[in-house]
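Peer 1: Pasting the sequence and the predicted coordinates here, then a few questions.
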Amino acid sequence: MANKRKNNRVKPTETDLKEKLVTLNRVAKVTKGGRTFSFSAIVVVGDGNGTVGHGLGKAREVSSAIAKAVDDAKKSLIKVPIYKGTIPHEQLGKYGAGKVLVRPAADGTGVIAGGAMRAVLEMAGVHNVLAKSQGSSNPHNVIKATIDALTKLRSAQTVAQHRGITVDKVFNG
C-alpha cells in the first residue's frame, strides 16, 4: 500500500468516513470572574471496512469541540484486518489502567461489547466479536486500549509471509 505508514497508520483518503460521538464532557475553569465552561469531545471515525481512528477535541462550543475531535481522529487512522466479518484472532489491548480483550465470534453473534469499545469496533466494520473491558471504564483509556488491541492484530497473509509458508498451511497445518 502506498498510503501505509508506520504502526498500521493510513492516510485519510476516504471521504466516506462515518463519525460517532463517544463522550461529551463539560469542564469548568475557575477564574477571577467566575467559572468558564468549555466542552471536551471524544469521537471515533471509521469507514466500516477496516479503517478506524479516534480523536479528542476541546472548545467553548459543543459543535466546535466535535469538529476538532473529528479532525484529530482523521489524523490517527489505522487499518484493521477483518476476516469473514470478525477479527482473525484473540487479542489483549492495554492503555494506562484500561485493559480490553477482543475475541473472534461466529457469524450472527453481533458486536458483544460495551460503550466505548462498541463504537470503535462498529466504526472499524467488525460485525461479530466478543469483547470485554477488564480495567478502567474511563472512555479515553478504553478507546485507546481497544485501538491498541486492533493494532496488534495480524492477518493470515502477514503470518504466512512471516513464517514463509502458504495461507492454507496457517489454518491447516
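Peer 2: It's in.
Peer 1: buried ones in the least confident helix or strand in the chain by mean pLDDT?
Peer 2: Of all the helices and strands that make up the chain, the one with the lowest confidence by mean pLDDT, DSSP states H and E is helix 167-172; it has a mean of 77. By neighbour count on 16 or more other C-beta atoms under 10 Å, the buried set for helix 167-172 is V170. All C-beta atoms are positioned from the backbone trio N, CA, C, and that covers glycine.
Peer 1: And the helices in the chain, which stretches?
Peer 2: 62-74, 115-124, 139-152, 156-163, 167-172 (DSSP state H).
Peer 1: Mind giving me the packing neighbours of the longest one?
Peer 2: Judged by 3 or more C-beta pairs under 8 Å, 6 or more residues apart in numbering; DSSP states H and E, the packing partners of helix 139-152 are strand 18-31, strand 34-46, strand 51-59, strand 78-79, strand 91-95, strand 98-104, helix 115-124, strand 129-133.
Peer 1: neighbouring contacts of the least confident helix or strand of the chain?
Peer 2: Outside of helix 167-172, the residues within contact range by C-beta atoms under 8 Å, 6 or more residues apart in numbering are A156, Q157, V159, A160, R163.
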